[in-house]
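Trainee: got a structure for you, letters missing:
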């Protein structure tokens, strides 16, 4: 594929619930190799945007991945949902959770092979969870659980990643491991979208930003979008901004 080709293009994407606009006319394009933060206030439609792009929500508009529809490119797209949406009481061990990332490559009539198990274990090693392979997922801490679901995404060997609030309720060590891993994926030419709520870490974590409040407020390089006037427009008084010569501070109201 040509390096200058857009990996993902979204045009005029809208989502409506009973006549209410959850998202309205969202358009953006990104080439490969970006780590993109999706930020905005509560109720802005951040998670809805991810689900619509993945075809998990009904929407109007168009979504293309390397010029093709989502269904055609499903194998190359990985999704890590919010942990709150997952039933951790279900009796499944860590290794089997990660192996789920391989299902898209395995015909229904075949069993999981040694190669798939090797890929799954390599993914667990990348997130520092290989020693927990036989542990039940519900027995892990929040940070450990999140690292396992990142490993599942890695095992899928996708090119395009969507993570919904991956840092909520996890420990600092797990957050550092995940951020380092996302940066490595970016260096490998992967494209990663991350729904994120902590504005104080936006400049540290991302190179691109998608600022949202039902409509698109701004999209582009962090240095061009992470600005007081755009943040104020998106958050509409729900944050207070303090600036000095070195850094902009953000305080929730």
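Mentor: That came through fine. All values reported here derive from a predicted model rather than from experimental measurement.

Trainee: now tell me which helix or strand of the chain has the poorest mean pLDDT.
Mentor: strand 248-252 (a mean of 55; mean pLDDT, DSSP states H and E).

Trainee: number of nearby residues for the closest residue to residue 113 other than its chain neighbours?
Mentor: Excluding the flanking residues, the one nearest residue 113 by CB to CB, 6 or more residues apart in numbering is residue 106, at 7.8 Å. For the C-beta atoms, the positions are set from N, CA and C on the backbone; glycine is no exception. By other CB atoms under 10 Å, 13 other residues sit near residue 106.

Trainee: again with residue 101
Mentor: Count around residue 101 with other CB under 10 Å applied: 22.

Trainee: model confidence for the closest residue to it other than its chain neighbours, exactly?
Mentor: The shortest distance from residue 101 to any non-neighbouring residue, by CB to CB, 6+ apart, is to residue 155 (3.3 Å). Residue 155 carries a pLDDT score of 94 in this model.

Trainee: do residue 83 as well
Mentor: Predicted confidence (pLDDT) for residue 83: 75.

Trainee: that one contacts residue 167, doesn't it?
Mentor: No - here residue 83 does not reach residue 167: they are 10.4 Å apart, not a contact under CB atoms under 8 Å.

Trainee: give me the common contacts of those two.
Mentor: Taking CB atoms under 8 Å, 6 or more residues apart in numbering as the contact rule, residue 83 and residue 167 both touch residue 146.

Trainee: report the contact partners of the residue nearest in space to the middle of the chain.
Mentor: What sits nearest the mean C-alpha location of the chain, by CA atoms, centre = their mean, is residue 163, with 2.0 Å. With contacts defined as CB under 8 Å, 6+ apart, residue 163 is in contact with 79, 80, 150, 153, 182, 192, 193, 194, 195.

Trainee: okay, these in TSV with neighbour count next?
Mentor: Formatted as TSV, the contacts of residue 163 follow (neighbours: other CB atoms under 10 Å):
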residue	neighbour count
79	20
80	20
150	27
153	24
182	20
192	24
193	25
194	25
195	24
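
Trainee: those residues in helices, which ones?
Mentor: With DSSP state H as the criterion, helices contain 150, 153, 182 from among the contacts of residue 163.

Trainee: which of those residues sits closest to residue 22?
Mentor: Using CB to CB, residue 153 comes nearest to residue 22 of the ones in helices among the contacts of residue 163, at 25.2 Å.

Trainee: how close does the nearest residue to that closest one once chain neighbours are set aside sit to residue 223?
Mentor: Leaving aside its sequence neighbours, residue 153 sits nearest to residue 78 (CB to CB, 6+ apart; 4.0 Å). Using CB to CB, to the nearest Å, residue 78 is found at 28 Å from residue 223.
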